[in-house]
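Novice: Here's a sequence, model it:
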Amino acid sequence: MMTGALAFRLRSWLWRCGIACCLLVSPRLPGQERQTPNPEAGNELNSGVQAIQHGDYGEAAKHFAQANDLRQGKCSECYVWLARIKAAKGDLDEAINQTDKAVTVANTRRESSIAQLYRGIFLTQQGNLIAAEAAFTSALAADQECVECAFNLGFVLLKESKDDAGVTVLKAIAPKFAGTPRGHEIERFIQNPGLLRKDFAPQFSARTSSGQEINLDTLKGKVVLLDFWGTWCAPCRVSLPLLKDLAAKVDPARVSIVSIDEGDSKDKWEKFIRDNGMTWTQVYDRDFALHHAFRVDGYPRYYILSKDGVILNEFKGWNQGGEAAIANAIDQALAQ
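Specialist: Predicted coordinates for the structure are as follows:
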């Protein structure tokens, strides 16, 4: 069984959305509309999903492979699940190879749509936007009701500077996301498509330990340091005194430090921040929503956002002189 940061990464990608890119969304999990002519293969698929729910991704892969064998290598759903596991491990080439197989053996338009959607997602992560656009177009053609396919197509079109086409696609699906963080994000890109070609932070909404809601709008106008950490993370604990010192030095009217706990029980998190005098903004990421949105794959992880929400810097781990580097980056952001 996998543990630590990789397990968090896999759990976030495979169970919440399965996507590395913060602006891409996934369809319903494969299998929710499953029609299984082979009960034994269906049992293996269900066992694979259950293994993922319990964090045992190696075991999950074995079940999906066995289910595929029972279907004589023609299980599109199995290949998609295996692709998601490969992508979460960082092996995008093999993930794309698995989705190619899923496309080839797809028996229904829905299966074809899902396989093409994930193929496009992984191609986007590789930076192959032309091929990704073709995959998302095929996914939408196979299932015209797939709003995830349409969103990802619009996303890639804007990334390719095809603004008119991208905006048209996003306007068509905007009502389906109305009132959600994703809907607000879509509206931002419709109003200013060029924003997507900057490294903007994803839309998010969270509640602090004091019950206050924070999001990109409430933080606008301040330079923001996001600190992803966990009490189980030894480097995070080592960095804490230096982070406390930094929090004491910055002007809270101009700089906001937000520490985001990952992987702890809420009781343990509350006790730790209380016992260690962590008086700056604290967020408990109960369902890994922020972890997923910011593609966190190691701890501690720091992001510095500009006053208008652009990700300016990313610092991985903690090392000697880390506080000075982060403080210097904050000063540069303030000067912009």
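
Novice: Just the pLDDT at residue 268, thanks.
Specialist: Note for residue 268: predicted pLDDT of 95.

Novice: Residue 100 too?
Specialist: Per-residue pLDDT puts residue 100 at 97.

Novice: Check which helix or strand it maps to.
Specialist: Assigned by DSSP states H and E, residue 100 belongs to helix 92-105.

Novice: helices or strands next to the next helix-or-strand element following that helix in the packing?
Specialist: Counting by DSSP H and E, the element after helix 92-105 in chain order, helix or strand, is helix 109-126. For helix 109-126, the elements it packs on are helix 76-88, helix 92-105, helix 129-142, helix 147-159, judged by 3 or more CB pairs under 8 Å, 6 or more residues apart in numbering; DSSP states H and E. Where you see a C-beta, it was placed from the backbone N, CA and C, and this is true even at glycine.

Novice: Out of those helices, flag the one nearest residue 166.
Specialist: When the helices and strands packed on helix 109-126 are compared by CB to CB, helix 147-159 sits nearest residue 166, at 3.4 Å.

Novice: which of the residues in the helix or strand following that closest one are buried?
Specialist: Proceeding N to C from helix 147-159, the next assigned helix or strand is helix 163-173, under DSSP H and E. Across helix 163-173, burial judged by 16 or more other CB atoms under 10 Å covers 163, 166-167, 169-170, 173.

Novice: Among the residues you listed, find me the one that's closest to residue 152.
Specialist: For the buried residues of helix 163-173, the nearest to residue 152 is residue 169 (9.5 Å; CB to CB).

Novice: Make sure residue 258 is indeed in a strand.
Specialist: Yes. Judged by DSSP: H, G, I helix; E, B strand; the rest coil, residue 258 forms part of a strand.

Novice: For it, give the beta-bridge partners.
Specialist: In this entry, residue 258 is beta-bridged to residue 226, residue 281, by DSSP bridges.

Novice: How confident was the prediction at the residue nearest to residue 189 when sequence neighbours are not counted?
Specialist: Setting aside the residues directly before and after it, residue 189 is nearest to residue 196 in space (CB to CB, 6 or more residues apart in numbering), at 5.2 Å. Among the per-residue scores, residue 196 shows a pLDDT of 74.

Novice: Residue 196 contacts residue 154, correct?
Specialist: No. Counting by CB atoms under 8 Å, residue 196 sits too far from residue 154 to count as a contact (9.4 Å).

Novice: got any residues that touch both of those two?
Specialist: Common contacts of residue 196 and residue 154 (CB atoms under 8 Å, 6 or more residues apart in numbering): residue 189.

Novice: The residue most central in space within the chain: which element?
Specialist: Nearest to the mean C-alpha position of the chain, by CA atoms, centre = their mean, lies residue 292 at 3.2 Å. In the assignment (DSSP H and E), residue 292 maps to helix 289-293.

Novice: elements contacting that helix?
Specialist: Helices and strands in packing contact with helix 289-293 are not found; criterion 3+ CB pairs under 8 Å, 6+ apart.

Novice: about what we covered before: turn the buried residues of helix 163-173 into a markdown table, columns for pLDDT.
Specialist: Below are those laid out as a markdown table (pLDDT from 0 to 100):
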| residue | pLDDT |
| --- | --- |
| 163 | 95 |
| 166 | 95 |
| 167 | 96 |
| 169 | 96 |
| 170 | 96 |
| 173 | 95 |
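
Novice: one step back: and residue 196 and residue 154? Which one has more around it.
Specialist: Per other CB atoms under 10 Å, whichever of residue 196 and residue 154 has more neighbours is residue 154, with 27 against 21.

Novice: tally of neighbours for residue 48?
Specialist: Residue 48 has 27 neighbouring residues, counting by other CB under 10 Å.

Novice: Look up the closest residue to residue 193, ignoring the ones flanking it.
Specialist: Using CB to CB, 6+ apart and skipping residues adjacent in sequence, the residue nearest residue 193 is residue 163, 4.2 Å away.

Novice: likewise residue 83?
Specialist: Per CB to CB, 6+ apart, closest to residue 83 is residue 98, 3.6 Å.

Novice: Quick one: residues contacting the one you found.
Specialist: For residue 98, the residues meeting the contact criterion (CB under 8 Å, 6+ apart) are 79-80, 82-83, 86.

Novice: again, only using 7 Å
Specialist: The neighbourhood of residue 98, defined by CB atoms under 7 Å, 6 or more residues apart in numbering, consists of 79, 82-83, 86.

Novice: Over to residue 307. Which of the three states is it?
Specialist: State at residue 307, reduced to three classes by three-state DSSP: coil.

Novice: how many neighbours does residue 194 have?
Specialist: Each residue near residue 194 was counted by other CB under 10 Å, and the total is 10.

Novice: ok, the nearest residue to it once chain neighbours are set aside to residue 200 distance?
Specialist: Excluding the flanking residues, the one nearest residue 194 by CB to CB, 6+ apart is residue 163, at 7.7 Å. The spacing between residue 163 and residue 200, counted by CB to CB, to the nearest Å, is 16 Å.
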